[in-house]
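Asks: Build me a structure from this.
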Amino acid sequence: MPANKYIFTIVLMLLGISFLVAQTPQQKADSAETVLVGIPARDTAHLLATANFILENSSNSRQRFEILERISVGYFHVNDINKSIAYAFKAKDAAEEFGDAETLAQAYGSIANLYFQLDLTDKARPYLATAIKHIENMPSGDNKYKLKALSFLEMGNLDFNAKDYKRANDNYKKALSQFGSIKSVKNKSTYHYRRALYNIGNSYHFLQQADSAETYLNHALLLKDPKNPELKFYIETTLAEVYRGRREYKRAVDTLQSVLKARDFDAEPLKIEIYLNLSRNYKALGDAANYALYNEKHLALRDTLQSREREAINTAIDVEKKSLSESVQRSDQKNTWLTIAILGILFISGGIIVYLNRAKKKERALYLNLIERLQSQSSFALPQPEESEQEIETDIQTAYTIPPAVEAEILEGLQNFEEDEGYRNPALTVSMLAVSLKTNPAYLSAVIKAHKDNNFNAYINELRIKYICRKIHEQREYANYKISYLAEDCGFTSHSAFSTVFKKVTGISPSVFLREEEKLNMTG
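Replies: Here you go, the predicted structure:
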């Protein structure tokens with residue numbers, strides 16, 4: 001801001017304050033609210049100063065809700081998700097005090113949206129369900145249509161996060177229908193209508209229906225909305241993905257580069273996606289230099305934003321559990337406490353970053369060790385706690401009660417069992433395997449314990465995890481499969497059981513293994 005314009009703004013604020021001195025506290029709050037309306041959402045310094053003045057003087061819970069909601073949105077626009085969440089919960093408290101169905105619907109819907117932005121789908125759903133319940137208690141009219149449309153958008157987003165693209169597409173279409181039911185031009189929102197069109201097109205893209213995706217995305221692109229330019233960039237980025245699916249790599253690159261070069265483009269989460277898509281398109285075009293350049297940019301920015309997201313998630317949980325919203329307001333009113341809070345956050349953030357970096361290095365080391373063991377055909381599982389001497393002696397005694405010929409026959413049968421991948425049968429039991437090897441479960445268990453250094457369940461689990469790790473490492477398409485599919489493919493009946501066993505055997509989770517495989521593939 002030029003110096004003369006900045007001084008002029010300060011003079012106006014001082015004149016406004018001198019006028020407010022002669023008013024009652026509520027009148028001061030009402031007058032300041034008219035000033036707040038004209039402050040851009042991204043001008044958080046002026047917005048917060050004016051909003052806090054209103055909160056100090058207002059006794060109207062509806063007004064307090066609107067101000068707190070405005071602060072939350074302001075912090076969201078500048079990517080300060082921590083404070084955005086804190087003020088969203090304060091807005092909810094004010095809405096509950098006011099008790100109006102529409103206000104409550106807006107408050108709970110805002111919290112659901114914030115949790116969605118953090119990919120906390122399970123925490124978003126109950127808040128969205130509460131918002132919908134309050135919407136149903138509203139009288140019919142444009143406001144109800146608008147809030148129902150927004151709730152369908154959010155439900156679609158949650159389904160989209162869960163990769164249920166068909167259900168997401170249906171909810172987005174319901175949202176579009178509700179927006180179309182709004183009669184008053186004043187209540188119509190180009191941004192939300194355009195967002196519904198974009199979401200439908202994006203879900204069609206993930207449903208691999210390219211023509212339908214392009215139709216809706218181009219329709220959304222034709223709508224002009226100068227107040228919300230960022231949505232245009234999301235539309236164009238998805239269109240570029242449609243082009244890539246058709247192998248129109250040059251067209252995709254040109255579209256993505258035009259987004260990056262736009263003067264008002266500053267959406268970092270979208271920039272990660274653009275860098276990744278550019279690297280893939282340049283790779284398809286055989287441009288090794290640009291492939292390497294944008295791959296590096298993607299990885300660097302992704303790591304930075306993931307750290308921020310983890311911090312924001314921790315803040316969200318803390319605010320919900322400990323009701324930290326009151327302390328946030330008090331600290332904002334006193335510069336001393338604000339300084340202490342900032343220093344504390346910086347200290348904690350530094351600690352979290354150090355911890356996460358160490359954790360990632362440890363995960364990387366475990367992953368590389370796994371690959372080494374895969375290639376060397378050595379024992380795959382991590383070393384387990386040693387057994388007591390008594391247990392070892394008992395196992396040896398049990399093993400020696402088996403006739404040598406029977407033991408050799410069982411070992412040969414286990415070798416064939418492993419080569420035939422019989423361990424992938426999800427219904428496999430020690431009794432079933434014993435029958436197939438023409439022996440009894442006691443002999444089979446003793447041989448596995450003596451020669452495989454495991455009990456039956458641990459032996460089977462290690463074979464399954466080793467099998468799926470090799471598939472992911474050697475066949476790249478496996479890295480794109482859902483974890484639930486990977487679990488089923490190697491013989492587990494549930495996602496959670498697979499994840500638990502995977503980490504117990506390897507020391508890292510399936511998602512970490514897939515992440516490291518992606519990094520390995522991206523770097524060639």
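Asks: give me the number of residues near Val78?
Replies: 13 (other Cβ atoms under 10 Å). Yep, even glycine has a C-beta here, placed from its N, CA and C like the rest.
Asks: Just give the closest residue to Ile71, not the sequence neighbours.
Replies: In this structure, Ile71 finds its nearest non-sequential neighbour in Tyr87, 4.6 Å apart by Cβ to Cβ, 6 or more residues apart in numbering.
Asks: So the one you found is in contact with Glu66, correct?
Replies: No - proximity of Tyr87 to Glu66 does not meet the contact threshold set by Cβ atoms under 8 Å, at 11.8 Å.
Asks: ok, these two, which is more surrounded?
Replies: Using other Cβ under 10 Å as the criterion, Tyr87 and Glu66 rank with Tyr87 on top: 28 against 22.
Asks: can you tell me the helix or strand for that one?
Replies: helix 81-98 (DSSP states H and E).
Asks: Can you name the next helix or strand after the least confident helix or strand in the chain by mean pLDDT?
Replies: Sorting the helices and strands of the chain by mean pLDDT, DSSP states H and E puts helix 389-400 at the bottom, at a mean of 43. Towards the C-terminus, the helix or strand next in line after helix 389-400, according to DSSP H and E, is helix 404-419.
Asks: got the CA positions of that following helix in PDB?
Replies: C-alpha atoms of helix 404-419 as PDB (Å, rounded to 0.1, in the frame of the first residue of the first chain):
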ATOM      1  CA  PRO A 404      12.900 -87.100  10.500                       C
ATOM      2  CA  ALA A 405      11.200 -88.500   7.400                       C
ATOM      3  CA  VAL A 406       7.900 -86.800   8.400                       C
ATOM      4  CA  GLU A 407       9.700 -83.500   9.100                       C
ATOM      5  CA  ALA A 408      11.400 -83.600   5.700                       C
ATOM      6  CA  GLU A 409       8.100 -84.300   4.000                       C
ATOM      7  CA  ILE A 410       6.400 -81.300   5.800                       C
ATOM      8  CA  LEU A 411       9.300 -79.000   4.900                       C
ATOM      9  CA  GLU A 412       9.000 -80.000   1.200                       C
ATOM     10  CA  GLY A 413       5.200 -79.400   1.400                       C
ATOM     11  CA  LEU A 414       5.800 -75.900   2.900                       C
ATOM     12  CA  GLN A 415       8.200 -75.100   0.000                       C
ATOM     13  CA  ASN A 416       5.500 -76.000  -2.500                       C
ATOM     14  CA  PHE A 417       2.900 -74.100  -0.500                       C
ATOM     15  CA  GLU A 418       5.000 -71.000  -0.600                       C
ATOM     16  CA  GLU A 419       5.800 -71.300  -4.300                       C
END
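Asks: which helices and strands sit right next to whichever helix or strand comes after it?
Replies: As assigned by DSSP H and E, the chain's next helix or strand after helix 404-419 is helix 430-436. Counting contacts by 3 or more Cβ pairs under 8 Å, 6 or more residues apart in numbering; DSSP states H and E, helix 430-436 packs against helix 404-419, helix 441-451.
Asks: how about 10 Å then?
Replies: helix 404-419, helix 441-451, helix 456-474 (3 or more Cβ pairs under 10 Å, 6 or more residues apart in numbering; DSSP states H and E).
Asks: Residues contacting that helix, please?
Replies: By Cβ atoms under 10 Å, 6 or more residues apart in numbering, the surrounding residues in contact with helix 430-436 are 410, 413-414, 416-417, 422-423, 425, 428-429, 439-445, 448, 455-457, 459-460.
Asks: at 6 Å what do you get?
Replies: 440-441, 444, 456 (Cβ atoms under 6 Å, 6 or more residues apart in numbering).
Asks: and these as TSV, adding pLDDT?
Replies: As requested, the contacts of helix 430-436 are exported to TSV (pLDDT from 0 to 100):
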residue	pLDDT
Asn440	92
Pro441	92
Leu444	92
Phe456	92
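Asks: Between those residues, which sits nearest Glu136?
Replies: Phe456 (54.0 Å; Cβ to Cβ).
Asks: Any figure for the gap between the residue nearest to the closest one when sequence neighbours are not counted and Val447?
Replies: In space, and not counting its chain neighbours, Phe456 is closest to Val430: 4.5 Å by Cβ to Cβ, 6+ apart. Distance of Val430 to Val447, computed by Cβ to Cβ, to the nearest Å: 11 Å.
Asks: Looking at the two now, which is surrounded by more residues?
Replies: Val447 (23 against 18).
Asks: close enough to count as contact, the more buried one and Ile410?
Replies: Yes - checked against Cβ atoms under 6 Å, the pair Val447 and Ile410 is within contact range at 4.6 Å.
Asks: overlap in contacts of these two?
Replies: Common neighbours of Val447 and Ile410 (Cβ under 6 Å, 6+ apart) do not exist.
Asks: before we move on, the earlier item: from Asn113, how far off is the residue nearest to Ile71?
Replies: From Tyr87 to Asn113 the distance is 13 Å (Cβ to Cβ).
Asks: returning to what we had before: how far away is the residue nearest to Phe456 from Leu231?
Replies: The separation that Val430 has from Leu231, given Cβ to Cβ, amounts to 58 Å.
Asks: now Arg358
Replies: Using Cβ to Cβ, Arg358 is found at 39 Å from Leu231.
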